[in-house]
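# fold the following.
(2 chains)
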Amino acid sequence: MTPQDRAARLARIGIALTVVALLGLGGVYLRAFAFTPVEVNQGAAQKIFYVHVPAAWSALMSISITGLLSILYLWLKDRRIDLAAAASAEVGVAFGAVMLTTGPIWGKPIWGTWWTWDARLTSTLFLFLLFVGYLVLRGVLTDPGLRGRFSAVIGIMGLVLVPFIHLTVYLFRTLHPAPIILKPSAPSLPREMLVTLMLSLGVFTVLYLGFVMQRYALGLLHEFREEELARDAG
Amino acid sequence: MGALLRATWVIALKDVAIEWRTKTAFASGLVFAVLVLAVLFFSRDPTAVAAQDVAPGALWVTFTFAAMLGLNRAFLLEREMHALDGILLTPAPRSAVFFGKFAANLVFVGVIEAVSLPLFVLFYDVPIWLRFGELVLVIAMATVAFVAVGTLLSAMAVRTRYAELLLPLLLLPFLVPPLVGGVQLTARLLEGRPLSDLSGWLKLIGAFDVAFVTLSALLFQVVLDE
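Numbering: from 1, shown residues only, chains lettered A, B, ... in the order given. This is a model prediction of the structure:
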């Protein structure tokens, strides 16, 4: 099997995973609306929680993975690692956009304001913007070696920046709901809601994998094609 | 260590000498700083908000913009006629290139800040002498932070055709901690509050300085690598 075939197969697996995840997403909506109790204080507005939190989870996971792959790339100098980091960053920016749109939609009825300069909102916003910058930088660099090294530098710098921005806004002031799942004591969410959230987290993780595999395979195929063109021209 | 310091000194001196002879970037940076200070004076409703209330923000926005304008200069100089290759061919250690550029940028931004500070007092009528020593310390710490990151990022930005566009895009997220800290500290120092009140912000900027000077110096090797 040629590398092209392998990349094409990877893309097909990615598409299959994406389809499964999208069906799962339909299931999550169904369960959230029909089989999960309505939250007593927030009413129907709370339903967006089952999309917002998993989208935020996927966004932060993809950006952390980009950061880690960036370190790995500088160490091993394998172009495939750079392509994977870029695929993860692109998917992360997409999930980040979902997180940053669903957040204000919930914030308006519940907080009474679309946006607030709270620690989490601010750090995710700047992280999102930094990774948009990461993609812009990749877009304007044509030399693959240069592109790989420069974007790895931004990936690593971003990883170190997040705690600093978080601390900055923490010193400023904070409003975002405190963690209810990942905290030292047991999760303080009713069982039905927790199950829906966990299902949604799983679905979004599969969605992430599906997207990244497709994007990565596409990146590989793009590189093969460029090499072919370079060979033909030479 | 001696060789590293000497090479750093030579590179920094070279950059400062070029700037001293032309003064183009310096003059435009300074005029730009004065313009920003003057324009921001009008960024409020004068019947509701006193100039002193927006003063700390105006000062730091001015510093940031003026610094950004100057930061690309360091490597744009080297891009012309492949001057950077010349430096890399010398036995000077790679980290000396970073620290030399970093030092020259510090001088450049520091001089612009030193000239805009009296103008800031003139325009906004703020009592900077209440805690002058502390204010200078805060400005120095925040400047180290954004010049360190800016030196690294401008070395990358100038390798593209969109240097002037890319540098602010990549640099601004990194300026959030030193910039917000600088504004908060300046606001309180202008009210005459002692620095011991503000140790949280100082520690944050201090930690940022240590982390990002180290990280920028290390990653700079990766950027130069051919």
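
# tell me where chain B has helices.
Shown for chain B, the helices assigned by DSSP state H span residues B:2-22, B:24-41, B:51-79, B:83-89, B:94-124, B:132-157, B:163-190, B:199-224.

# to clarify, my last question referred to chain A.
Going by DSSP H, chain A shows helices at A:3-34, A:49-76, A:79-111, A:119-140, A:144-172, A:191-233.

# go through those and name the closest to residue A:41.
helix A:79-111 (8.6 Å; C-beta to C-beta). The C-beta positions use only the backbone N, C-alpha and C, and glycine is treated the same way.

# pLDDT on that closest one, on average?
Per-residue pLDDT over helix A:79-111 has a mean of 91.

# look up the closest residue to residue A:72, ignoring the ones flanking it.
Leaving aside its sequence neighbours, residue A:72 sits nearest to residue A:81 (C-beta to C-beta, 6 or more residues apart in numbering or on different chains; 5.3 Å).

# contact partners for the one you found?
Neighbouring residues of residue A:81 by C-beta atoms under 8 Å, 6 or more residues apart in numbering or on different chains: A:69, A:72, A:73.

# burial of the closest residue to the first one other than its chain neighbours, as a residue count?
What that stands for is residue A:69. Excluding its sequence neighbours, the residue lying closest to residue A:69 (C-beta to C-beta, 6+ apart) is residue A:85, at 3.7 Å. By other C-beta atoms under 10 Å in any protein chain shown, the residues close to residue A:85 number 27.

# and the gap between residue A:85 and chain B?
14 Å (C-beta to the nearest C-beta, to the nearest Å).

# any low-confidence regions in the chain?
If you meant another chain, say so; for now it's chain A. A:173-188, A:234 (pLDDT under 70).

# could you do chain B instead?
For chain B (pLDDT under 70), the answer is B:1, B:226.

# ok, now how distant is the residue located most distally from the centre of it from residue A:54?
Computed with C-alpha atoms, centre = their mean, the residue of chain B farthest from its C-alpha average is residue B:47, at 33.5 Å. Distance of residue B:47 to residue A:54, given as C-beta to C-beta, to the nearest Å: 48 Å.

# swap in residue B:123?
Distance, residue B:123 to residue A:54, using C-beta to C-beta: 50 Å.

# with adjacent residues omitted, what lies nearest to residue B:115?
residue B:30 (5.8 Å).

# what's the burial count for that neighbour?
Residue B:30: 19 neighbours (other C-beta under 10 Å).

# residues in chain A within reach of chain B, list them.
Residues of chain A lying near chain B by C-beta under 8 Å from any C-beta of the partner chain: A:74, A:122, A:126-127, A:129-130, A:132-133, A:136-137, A:140-141, A:146, A:149-150, A:152-154, A:156-158, A:160-161, A:164-165, A:167-169, A:171-172.

# what sits against residue B:189?
By C-beta under 8 Å, 6+ apart, residue B:189 lies in contact with B:130, B:131, B:134, B:135, B:138, B:195, B:198.

# looking at those residues, spot the one nearest chain A.
Checking the contacts of residue B:189 against chain A with C-beta to the nearest C-beta, the nearest one is residue B:198 at 9.7 Å.

# my read is that the closest one contacts residue B:186, right?
No. Counting by C-beta atoms under 8 Å, residue B:198 stays clear of residue B:186, with 10.2 Å between them.

# which residue of those two possesses the greater neighbour count?
Between residue B:198 and residue B:186, residue B:186 has the larger neighbour count (other C-beta under 10 Å), namely 23 against 19.

# ok, the more buried one to residue B:137 distance?
For residue B:186 relative to residue B:137 (C-beta to C-beta), the value is 11 Å.

# which ones are touching the residue nearest the centre of chain A?
Nearest to the geometric centre of chain A sits residue A:59, at 2.2 Å (C-alpha atoms, centre = their mean). Applying C-beta under 8 Å, 6+ apart, we find residue A:59 in contact with A:92, A:93, A:95, A:96, A:98, A:99, A:124, A:128.

# how many other residues sit next to the residue lying closest to the first one once chain neighbours are set aside?
Closest residue in space to residue A:92, ignoring its immediate chain neighbours: residue A:62 at 3.2 Å, by C-beta to C-beta, 6+ apart. By other C-beta under 10 Å, 25 other residues sit near residue A:62.

# just checking, residue A:62 touches residue A:91?
Yes. In this structure, residue A:62 is within contact of residue A:91 by C-beta under 8 Å, at 5.2 Å.

# now do the shared contacts for the two.
Between them, residue A:62 and residue A:91 share the contacting residues A:208, A:212, judged by C-beta under 8 Å, 6+ apart.

# what residues does chain B put near chain A?
Chain B has residues B:149, B:152, B:156, B:159-162, B:166, B:169-170, B:172-174, B:176-177, B:180-181, B:184, B:200-201, B:204, B:207-208, B:211-212, B:215, B:219, B:222-223, B:225 near chain A, with proximity defined as C-beta under 8 Å from any C-beta.

# switch the cut-off to 6 Å
Applying C-beta under 6 Å from any C-beta of the partner chain, we find that chain B lies next to chain A at B:156, B:160, B:162, B:169-170, B:173-174, B:176-177, B:180, B:200, B:204, B:208, B:219, B:222.

# of those residues, grab the buried ones for PyMOL.
Buried residues within the residues of chain B next to chain A, by 16 or more other C-beta atoms under 10 Å in any protein chain shown, are selected in PyMOL with:
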select buried, chain B and resi 156+160+169+170+173+174+176+177+180+204+208+219+222
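
# ok, residue A:21 touching residue A:206?
Yes. The criterion here is C-beta atoms under 6 Å, and residue A:21 meets it with residue A:206 at 4.1 Å.

# more neighbours: which of these two?
Legend: neighbour count by other C-beta under 10 Å for residue A:21 and residue A:206, higher for residue A:21 (21 against 18).

# need the contact list for residue A:220.
If a contact means C-beta atoms under 6 Å, 6 or more residues apart in numbering or on different chains, then residue A:220 has residue A:7 as its contacts.

# how far away is it from residue A:3?
Distance from residue A:220 to residue A:3, by C-beta to C-beta: 7 Å.

# ok, residue A:87 next?
For residue A:87, the distance to residue A:3 equals 17 Å [C-beta to C-beta].

# more neighbours, the two?
residue A:87 (25 against 11).

# coming back round to it: how close does the residue nearest to residue A:92 sit to chain B?
In this view, residue A:62 and chain B are 17 Å apart by C-beta to the nearest C-beta.

# this completes my enquiry, with thanks.
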